[in-house]
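>>> here is a sequence together with a model predicted from it:
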Amino acid sequence: MKENNRLRIIRGVRQMQALADRLRTQGRIGFVPTMGALHEGHLELVRVARKNADFTVVSIFVNPIQFGPKEDYRQYPRDFTRDRRLLAGLGVDVIFYPDVKAMYPEGFATYVEVERLTRYLCGRSRPGHFRGVTTVVAKLFNIVKPHVAVFGQKDAQQALVIRRMVRDLNFDLKIIVVPTVREPDGLALSSRNAYLTPEQRRQATVLYQALRLGERLIKSGETDPVRVKQVLRRLIRTQPEARIDYVEIVDTAWLEPVPRIQGEVLIALAVYFGRARLIDNLIVRAPQSGGKNS
């Protein structure tokens, strides 16, 4: 990859805001917020941002307020040197790389919270997680001042929550959601995949297998979400190191569990392999009529 000699690294909030003001006089800003430990999924988001803007800003910030007290904040993988090299090779213009004190100075007491969309899935499993996500993303939008921000479908709930926040709070920017990037065997790319042992990595392929099985059941006419979830859970449990957090079938508007599968639904799951909590999802459209339980 060719190095980008223009790449700037900004640590301060006011410096980033001042630079954003200057860039906005020259063109459109595309923004990709990340926690670093970049992989091909992140890089695809960056490519999409570059196609939709004149300048590309990537933030790298491991956000402490979206981690629970027993979660992996301190262990979360960090490799800024590698991340910088990858982003330079893609022609990124700016890395915003603040520290915790810059983002949350002493006395910080303001949070952003999206209701309803955060009741289920990861919102139920990780209390306070999405309050941390929406707060930091709102701050980043105010600091980077993008015209376009890009997120991944792998974090489907996060993407919907941020879309709702942008709509409800009248942020003047466009959100683009990019399809999940996967390994050849179907495993969704994630920074937390680095936690997996070789055997756990092999077993983790069951997640995408389960999603595709659920898709086939729904496409064949199954309308009972309980039956589909039971089948998916049985498949996941064939892998000895898998510990299921949740397997759910929800609507795609508010992510609420559906009593009957019809129209467009989201199959979503979260499963632990060792200390790695992996999430994945698939949007499925049920047949318009007929079905096993119609």
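Thanks, I have the structure now.

>>> use CA for all of it now, contacts and neighbours both
Fine.

>>> sec struct for P105, please.
Assigned by DSSP: H, G, I helix; E, B strand; the rest coil, the conformation of P105 is coil.

>>> same question for T134.
With three-state DSSP as the basis, T134 sits in helix.

>>> distance of the residue nearest to it when sequence neighbours are not counted relative to V100?
Nearest in space to T134, with sequence neighbours left out and distances taken as CA to CA, 6 or more residues apart in numbering, is V112 at 5.7 Å. Applying CA to CA, to the nearest Å, the value for V112 to V100 is 18 Å.

>>> likewise for F80?
For F80, the distance to V100 equals 15 Å [CA to CA].

>>> cool, S59 as well?
Counting by CA to CA - S59 and V100 are separated by 13 Å.

>>> out of these two, which sits in the busier spot?
S59 (21 against 13; other CA atoms under 10 Å).

>>> from what I see, that one and Y97 are in contact.
Yes - judged on CA atoms under 8 Å, S59 makes contact with Y97 at a distance of 5.9 Å.

>>> so where's this protein shaky on pLDDT?
1-5, 289-294 (pLDDT under 70).

>>> strands of that one, start to end?
8-10, 29-34, 55-60, 94-96, 148-152, 174-178, 242-251, 264-273, 276-285 (DSSP state E).

>>> which of those sits closest to Q75?
Evaluated with CA to CA, the strands of the chain place strand 276-285 nearest to Q75, the distance being 11.1 Å.

>>> the closest one packs against which elements?
Using 3 or more CA pairs under 8 Å, 6 or more residues apart in numbering; DSSP states H and E, the elements in contact with strand 276-285 are helix 206-219, strand 264-273.

>>> got a list of contacts for it?
With contact meaning CA atoms under 8 Å, 6 or more residues apart in numbering, strand 276-285 is reached by 154-156, 188, 190, 192-193, 195-196, 207-208, 211, 215, 218-219, 252, 262-272.

>>> what subset of those residues is buried?
154-156, 188, 190, 193, 195-196, 207-208, 211, 215, 218-219, 252, 262, 265-272 (16 or more other CA atoms under 10 Å).

>>> is it possible to export the helices and strands packed on strand 276-285 to TSV including distance to V46?
Output for the helices and strands packed on strand 276-285, formatted as TSV (distance: least, CA to CA, whole Å):
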stretch	distance to V46
helix 206-219	24
strand 264-273	25
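
>>> domains of this structure?
The chain breaks down into these domains under automatic domain parsing: 8-178, 191-285.

>>> distance from the first one to the middle of the chain?
In this view, domain 8-178 has its centroid 10 Å away from the chain centroid, taken as CA atoms, centre = their mean, to the nearest Å.

>>> now the last one
Shown here is domain 191-285, whose average C-alpha point lies 16 Å from the average C-alpha point of the whole chain (CA atoms, centre = their mean).

>>> now do the same end-to-end measure for that domain.
Domain 191-285 has an end-to-end distance of 29 Å (criterion: CA to CA).

>>> tell me, what residue is most central in the protein?
The residue lying closest to the centre of the chain (CA atoms, centre = their mean) is D155, at 3.1 Å.

>>> quick one: contacts for that one?
So D155 contacts I279, D280 (CA under 8 Å, 6+ apart).

>>> go on, the one 4 residues further on?
Neighbour list for A159: F151, G152, Q153, V177 [criterion: CA under 8 Å, 6+ apart].

>>> now do stretch 196-216: distance from first to last residue.
Stretch 196-216 has an end-to-end distance of 28 Å (criterion: CA to CA).

>>> for it, buried residues please.
Residues of stretch 196-216 classed as buried: 196, 200, 203-215 (neighbour count, 16+ other CA under 10 Å).

>>> ok, so of those residues, who is nearest Q239?
Ranked by distance to Q239 (CA to CA), these are led by Q203 at 5.9 Å.

>>> please look at that closest one and R237 and confirm they touch.
No - with contact defined as CA under 8 Å, Q203 does not reach R237; the gap is 10.2 Å.

>>> so what's the residue lying closest to V48 once chain neighbours are set aside bridging to?
For V48, ignoring the flanking residues on the chain, the nearest one in space by CA to CA, 6+ apart is V150 at 7.4 Å. Beta-bridge pairing for V150 (DSSP bridges): I176.
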